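[1] Give me the fold of what follows.
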Amino acid sequence: MGICIALQTEVGNTIELIPDDKQLLHKLLPPPNDDSDSMLGWIDWYGNTLFNHLQMKRFLAEWDQLAMRARTSEEKTLLSRIRDLAVRCQEERTLNLRFIGD
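    Numbers count the residues shown, from 1 in each chain. The predicted structure follows:
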């Protein structure tokens, strides 16, 4: 099982969940503990990583760069769906975007 991406309330209730059962993100995301300053390198593939609305401007800029590397329609669709959650997180201050590792 791959990473799941959840849009959650500030108390942890899940509003929407996107599973990455085919582990597409493992091919696209930077490796864990990436030496760059990329926020996407902070995503823990085996633990939980939480982003809030204040982080979404930078997250979305990096996500859009990541999306340009997507090749298959499955990859593009997954990245687009996650981007939609990130935009919603940015717009609604009480929401968080959580990456739940496998």
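[2] next one: the strand or helix carrying Thr77 to chain centre, how far?
    Element membership for Thr77, per DSSP states H and E: helix 73-91. Centre-to-centre, helix 73-91 and its host chain are 8 Å apart (Cα atoms, centre = their mean, to the nearest Å).
[3] Give me the buried positions along it.
    Of all the residues in helix 73-91, those buried under the rule 16 or more other Cβ atoms under 10 Å are Glu75, Leu78, Leu79, Ile82, Arg83, Leu85, Ala86, Arg88, Cys89, Gln90. For every residue, glycine as well, the C-beta is placed using N, CA and C.
[4] Over to stretch 22-36?
    By 16+ other Cβ under 10 Å, the buried positions in stretch 22-36 come out as Leu24, Leu25, Leu28, Leu29, Pro30.
[5] In contact with the last one, which residues are there?
    I take that to be Pro30. Neighbouring residues of Pro30 by Cβ atoms under 8 Å, 6 or more residues apart in numbering: Ser36, Ser38, Leu40, Gly41.
[6] Next up, identify which helix or strand Ile15 is on.
    Counting by DSSP H and E, Ile15 is found in strand 14-19.
[7] just the strands in this protein please.
    4-9, 14-19, 48-52, 95-100 (DSSP state E).
[8] just those strands: most buried one?
    strand 95-100 (a mean of 21; mean count of other Cβ atoms under 10 Å).
[9] between that one and strand 4-9, how many degrees?
    Put simply, strand 95-100 runs at 150 degrees to strand 4-9, going by axes from the mean of the first three to the mean of the last three Cα atoms, to 10 degrees.
[10] Just want the angle from strand 95-100 to helix 73-91.
    140 degrees.
[11] What pairs with strand 95-100, parallel or antiparallel?
    Sheet pairing for strand 95-100, assigned by DSSP bridges, gives strand 4-9 (antiparallel), strand 48-52 (antiparallel).
[12] coming back round to it: so which of the contacts of Pro30 is the closest to Leu50?
    For these, the closest approach to Leu50 (Cβ to Cβ) belongs to Leu40, at 13.9 Å.
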